[in-house]
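**Q** Mind folding the following:
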Amino acid sequence: MVKSSVQLDSVDKNLLRRLQDRGRATNAELAEAAHLSESACFRRVRALETEGVITGYAATVSPAALGLALTVYVSITLTSQAQDVLAAFERAVSEAPEIMECHLMTGQADYMIRLVAADVEDLERLHATLLTRLPGVARINSSIALRTVVRRSALPVR
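**A** Model (predicted):
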């Protein structure tokens, strides 16, 4: 987890913007864009990784290309907010590859999950074999996304 004390200067921010835009950019390309030597650029990027600002690199893959065209948002209320119940629930959701995100929430539901499924039948299967079997679940409320309007992976670097 990144500490809020990490100080980013304009060069760091420029590197972060470029890496979020083109994660496969070479060190030479980054150095040229940031007006740094290649060695200085390499050191800067390594420091951002070491400080936890850059947490990894990944390819963005089309869910539809993998037959996972359905995006579902699921709010889950647990039977208890006791630490052992929360921990068991979090362990279980971390092991389900269809669950793309899980957030502990404020408000009426305890958790909000984003999951992917092939279609409504697949969602029904996931509901019966995964969601209802998660530890401590008292209530499940699902909403199917009809269309994605905006999806970003890049954070605004200010």
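
**Q** quick one, phi/psi of residue 111?
**A** Here is the backbone geometry of residue 111 (degrees, to the nearest 10): phi -130, psi 150.

**Q** Who are the contact partners of it?
**A** The contact partners of residue 111, by Cβ atoms under 8 Å, 6 or more residues apart in numbering, come to 75, 76, 78, 89, 93, 102, 103, 104, 105. Using the backbone N, CA and C atoms, a C-beta is placed for each residue, glycine as well.

**Q** Identify the bridge partners of it.
**A** As for beta bridges, residue 111 partners with residue 76, residue 104 under DSSP bridges.

**Q** Whichever of the contacts of residue 111 end up buried, select them in PyMOL.
**A** Entered in PyMOL, the line below selects the buried ones among these, by 16 or more other Cβ atoms under 10 Å:
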select buried, resi 75+76+78+89+93+102
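
**Q** Show me which of the contacts of residue 111 is closest to residue 120.
**A** Nearest to residue 120 out of the contacts of residue 111 is residue 75 (Cβ to Cβ; 18.5 Å).

**Q** wait, isn't that closest one in contact with residue 115?
**A** No: counting by Cβ atoms under 8 Å, residue 75 does not reach residue 115; the two are 11.9 Å apart.

**Q** Before I go, just wanted to say thanks for your time.
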